[in-house]
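Q: Fold the following and give me the result.
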Amino acid sequence: MRRDSSVDSMLRWSPVQGLMQSRRRNRLAVVTYHAVSDGGVFERHLDVLGEMGCFVSLDEVAANALDGMPLPPRPILLTFDDGDPSVLRTAAPRLRERGIPGVVFLITDLIGTDDVLWTTEVEQLVASGGRTSLDSPSDGRALARDLKRRPDHVRREVIEQLRASAGTRPPRTPQLDAADVHRLAELGLAIASHTMSHPCLPQCTDDVIDREVAGSRAALTDLLGHPPAALAYPNGLHDPRTRRAVAHAGYDLAFAFDHRLSPVPPDDRHEISRVRVNGQASENRVRTVVSGLHPAVHHLLGRP
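A: Residues are numbered from 1 along each chain as shown. Predicted coordinates for the structure are as follows:
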């Protein structure tokens, strides 16, 4: 677990923290994790979250958004992006032990492969000597961030250039396979979509958007025997074209990544806010994120 920063400690013990938590009675905290590498830290997070509110399921959030069914005070929905294998190995068994629901948003092109997320591949290819013709950062992580802002066809072209010029093939990482996905469902996690290949959808053409959101829904329907109820936008990025495509594909809900609490019911069920929690975050950070204090300060400072 990360040590508290002075800011985290100050926010946690400020009078504003209690005020924000009391005002959260009718706000939904959709908490977003990625990898969950430390089971002990995750269990302490669950203890804190259980003190701060009531865990709800994706079905309950959908019933509230679609039919106005009430949620309990201070509801919390746990979500996990990208389908990192640590969610099955570390998070899911602990959630099952406590009877806590959650949602895993899967990138369907990665299921059953040893491929990595494209941002990870860019970092690995740059580290292996890959080069691009773009006037762009030479640091792999910075280049990946830069590519998120460029048209999707440019991103794909750059990745091909990096693959062709890299000195070695990057390491591979086994991903969840079909049996793993079924096991996650057996452990009580809802399975939902994070698109087929995780592009930044607003940078894509209409046909690519349609393929990514409808194709991932079809793939999960084939795998699960029923369609997924929800989608999380890659990097939380969406625009009117994206939201229309998600609605047209038949998703009941779609989630952003904007580090905000969501009203109950949501103003737009295809644009539900989420807050971000690192798997190694301190307990004080978890508390101030879920109360809404950290997000408020975050946005006040103009951070993305």
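
Q: For Thr248, what is the enclosing helix or strand?
A: No, residue 248 isn't Thr; it's His. Per DSSP states H and E: His248 is located in helix 240-249.

Q: in the stretch 51-200 of the chain, which spans are strands?
A: 54-55, 75-81, 102-106, 189-193 (DSSP state E, counting those that start in this stretch).

Q: Dump these to JSON lines, plus mean pLDDT and distance to Asp135.
A: The way it works is simple: take the backbone N, C-alpha and C, and place the C-beta from them, glycine included. Listed next are those as JSON lines, based on pLDDT from 0 to 100; distance: least, C-beta to C-beta, whole Å:
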{"stretch": "strand 54-55", "mean pLDDT": "98", "distance to Asp135": "48"}
{"stretch": "strand 75-81", "mean pLDDT": "98", "distance to Asp135": "31"}
{"stretch": "strand 102-106", "mean pLDDT": "98", "distance to Asp135": "34"}
{"stretch": "strand 189-193", "mean pLDDT": "98", "distance to Asp135": "35"}
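
Q: Could you export these as CSV, including distance to Ala247 and mean neighbour count?
A: Below are the strands of the stretch 51-200 of the chain laid out as CSV (distance: least, C-beta to C-beta, whole Å; neighbours: other C-beta atoms under 10 Å):
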stretch, distance to Ala247, mean neighbour count
strand 54-55, 27, 16
strand 75-81, 20, 24
strand 102-106, 17, 25
strand 189-193, 14, 25
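
Q: Which one of the ones you listed lies nearest to Gln280?
A: strand 75-81 (14.9 Å; C-beta to C-beta).

Q: Alpha carbons of the closest one, as PDB, please.
A: The C-alpha trace of strand 75-81 is given here as PDB (Å, rounded to 0.1, in the frame of the first residue of the first chain):
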ATOM      1  CA  PRO A  75     -24.200   3.100  -2.900                       C
ATOM      2  CA  ILE A  76     -20.900   1.800  -4.200                       C
ATOM      3  CA  LEU A  77     -20.300  -0.300  -7.400                       C
ATOM      4  CA  LEU A  78     -16.900  -1.900  -7.900                       C
ATOM      5  CA  THR A  79     -15.600  -2.200 -11.400                       C
ATOM      6  CA  PHE A  80     -12.400  -3.600 -13.000                       C
ATOM      7  CA  ASP A  81     -11.200  -2.400 -16.400                       C
END
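
Q: quick one: strands adjacent to it?
A: strand 27-33 (parallel), strand 54-55 (parallel), strand 102-106 (parallel) (DSSP bridges).

Q: Make CSV from these and add distance to Arg260 to it.
A: CSV is the format used below for these (distance: least, C-beta to C-beta, whole Å):
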stretch, distance to Arg260
strand 27-33, 9
strand 54-55, 19
strand 102-106, 18
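
Q: Residue most distant from the centroid, this structure?
A: Residue farthest from the centre of the chain, counting by C-alpha atoms, centre = their mean, is Gly167 at 32.1 Å.

Q: Per-residue confidence, the nearest residue to that residue once chain neighbours are set aside, what does it come out as?
A: Excluding its sequence neighbours, the residue lying closest to Gly167 (C-beta to C-beta, 6 or more residues apart in numbering) is Gly129, at 4.0 Å. The model reports Gly129 with a pLDDT of 89.
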